[in-house]
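Novice: Sequence and predicted model, in that order:
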Amino acid sequence: PDCRSAPLLYFSQRDFEPTLPPIPDDVLEEDEDSVKIVSLVKAKDPLGATIKRDKSTGAIVVARIMRGGAADKSGLIHEGDELKEVNGISLEHRKPKEILTLLARSQGEVTFKIIPASSKEEMSSHKKLFMRALFDYDPNEDPTVPCKDAAVAFERGDVLQIVSMEDDTWWQACHLGDSNTRAGLIPSQQLHERWSFYTLAVRQPTSDVNGPSLSFPAGLRRSFRLGRKSSLAGEAAQSGRWSTGVHGSVCPPTYIEVIPYHRDPKDRHRLVVLVGPSGVGVTELKRRLLISNPDHYGVTVPHTTREKRSQENEGVDYHFVSIHMFEEDILNHRFVEYGRYRGHYYGTSLDSVHRVMSEGKVCLLDVHPNKIKHVYTAEFKPYVVFVKPPHIQEVRLTRRRAEFTCAEEDKNSVRIFSEEDFEDMINSAETMESQSGHLFDKVIVNGDIAVAFRELKAALEKVEKAEVQWIPAEWICSSPTKARRSCGHLDSWI
Ligand SMILES: Nc1ncnc2c1ncn2[C@@H]1O[C@H](COP(=O)(O)OP(=O)(O)OP(=O)(O)O)[C@@H](O)[C@H]1O
């Protein structure tokens, strides 16, 4: 990156009409065709440009013009322009830092002698492009940023409007709703990927960053999700790694192109996917949601190949099917998730999700994060909630308290956790977050169950009421904006 470029030049936005001073005599002698004299009036506001020294020619050139900034609005200075003089003072052999000092001393009208770039690349497309950031970015902690003041900080989940992708390493963007303000620099997808691979390589010098070997700790669940145990054997769970795509490629999460979705009241509700490590409280939160509004929330009826018990009803507790039928459905990709437990198959079919949604209910689905990809489509428009354990001391405290305070007759229904369970829960949560965090729309920390439930319910209600929801462009457009050089987030990030 051109990290040696100097910070912003500070100039006025007051008057950008070129006031043309008399052309100095020496100009005509020099490059009469190419030299341009530009005069701007300096005030407090930044001009919105960075300068750098061209390594090959030694010339001082304009590195970037920030969209919406003063230089951009003036239309007089462009990226690639060579700065020859400021107020008649030659910039030859001067360092960018010295030039800044020179400019800082200038008051009022400042005149530039410029050799315009021979070819100017204007941002050709005016199509609005929005990206959801899948990582946190703080320019103050980034040693590679060309200019901290010109950069934009953001958090994972923020929607950014991208205004320029001309530069391979630094894009220009502004926060959603901020499009009238000056754009700032953000690391491009390519740069962030390179940086992430680099930091991974430094952290784990012996690992093969192109193809992590994957193993998964046993994650036995008490509920129907018990069935996951065998289906997950051999799947990914190494902390600090990224998800492998269906084609085996590995990509750090960067940005995902999003588009606004205005839900029509006639449209089905979005599918709510709850994920979390075993024992964290997914079932409990789901149960509380169902009790809170049984007409509004619904859950799927799973399939199983085990025998029906006397108190069970077909289509209510389970769909009881033969092994042959179950295996045929596996081959036809009809399951979101399935597994074997004590010799029997259990699974959640896509049809069962459809059934709940077609009743006009919000379908609550809990699956392993690796399975989100099966419902990551326009028809389901999943809203993914990650239920996360708090710090281990709080997990210990809240779960032990629940054991202690539950009534004697409830003792059998309360799960007794060992110290190892707590550790597994925390480790598994870390793995899930590092591998699939880019898919999570909301993270709920389940310390106090009542607080977590309130927060979850409020989040779901907010989504339902929101006028605009930002959903991945890929759900709607068969080919989202091509220029993304994306790893193809469905192929690689899920
Ligand atoms: N915040 C909490 N404080 C105390 N106990 C909790 C809390 N959340 C859940 N529990 C208890 O922890 C136990 C496990 O919760 P739950 O069954 O909901 O976990 P789960 O995430 O569905 O795990 P699994 O998939 O393994 O069943 C239950 O006994 C539940 O009542």
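Specialist: Cool, got the structure.
Novice: how about the residue lying closest to Glu467 once chain neighbours are set aside, what does it touch?
Specialist: Distance criterion C-beta to C-beta, 6 or more residues apart in numbering; nearest residue to Glu467, sequence neighbours excluded, is His262 at 6.6 Å. All C-beta atoms are positioned from the backbone trio N, CA, C, and that covers glycine. Listed by C-beta atoms under 8 Å, 6 or more residues apart in numbering, the contact partners of His262 are Glu467, Val468, Gln469.
Novice: least trustworthy position among those residues, going by pLDDT?
Specialist: Minimum pLDDT for the contacts of His262 is recorded at Glu467 (84).
Novice: That one: neighbour count?
Specialist: Neighbour count of Glu467, defined by other C-beta atoms under 10 Å: 7.
Novice: Could you measure from it over to the ligand?
Specialist: 33 Å (C-beta to the nearest ligand atom, to the nearest Å).
Novice: Which secondary structure state does that residue sit in?
Specialist: Classification of Glu467 using DSSP: H, G, I helix; E, B strand; the rest coil returns coil.
Novice: can you count the residues close to the nearest residue to Ser196 once chain neighbours are set aside?
Specialist: Leaving aside its chain neighbours, Ser196 sits nearest to Pro252 (3.6 Å; criterion: C-beta to C-beta, 6+ apart). Pro252: 24 surrounding residues under other C-beta under 10 Å.
Novice: mind checking the SS state of Pro252?
Specialist: Classified using three-state DSSP, Pro252 is coil.
Novice: Would you agree Ala117 falls within a helix?
Specialist: No - the assignment for Ala117, made by three-state DSSP, is coil rather than a helix.
Novice: from memory it sits against Ile65, does it?
Specialist: No - Ala117 lies out of contact with Ile65 (C-beta atoms under 8 Å); the separation is 10.9 Å.
Novice: Show me which of the two is the more surrounded one.
Specialist: The neighbour comparison of Ala117 against Ile65 (other C-beta under 10 Å) goes to Ile65, with 25 against 15.
Novice: Could you pull up the residues touching the more buried one?
Specialist: Counting by C-beta under 8 Å, 6+ apart, Ile65 has contacts Gly48, Ala49, Ala71, Asp72, Ile77, His78, Glu79.
Novice: Could you tell me which of the residues you listed belong to strands?
Specialist: Using DSSP state E, Ala49 are the members of these that sit in strands.
Novice: and the closest residue to Glu419 other than its chain neighbours, which of the three is it?
Specialist: Spatial nearest neighbour of Glu419, excluding adjacent residues (C-beta to C-beta, 6+ apart): Arg396 at 7.9 Å. Taking three-state DSSP as the rule, one finds Arg396 in the helix state.
Novice: Show me which residues of the stretch 351-494 of the chain sit near the ligand.
Specialist: Selection of the stretch 351-494 of the chain residues close to the ligand by C-beta under 6 Å from any ligand atom yields Thr398, Arg399, Ala402, Val414, Arg415, Asn446, Ile449.
Novice: picking that back up, out of the contacts of Ile65, who's nearest the ligand?
Specialist: The shortest gap between the ligand and any of the contacts of Ile65 belongs to Gly48, at 49.2 Å (C-beta to the nearest ligand atom).
Novice: one step back: I'd like to know how far the residue nearest to Glu467 sits from Val272.
Specialist: According to C-beta to C-beta, to the nearest Å, His262 stands 19 Å off from Val272.
Novice: For the one residue sitting closest to the centre of the chain, grab phi and psi.
Specialist: Nearest to the mean C-alpha position of the chain, counting by C-alpha atoms, centre = their mean, stands Leu134 at 1.8 Å. Main-chain torsions, Leu134, degrees, to the nearest 10: phi -110, psi 10.
Novice: Could you pull up phi and psi at Pro302?
Specialist: According to degrees, to the nearest 10, Pro302 has phi -80, psi 160.
Novice: and it, how many neighbours?
Specialist: Neighbours of Pro302 (other C-beta under 10 Å): 21.
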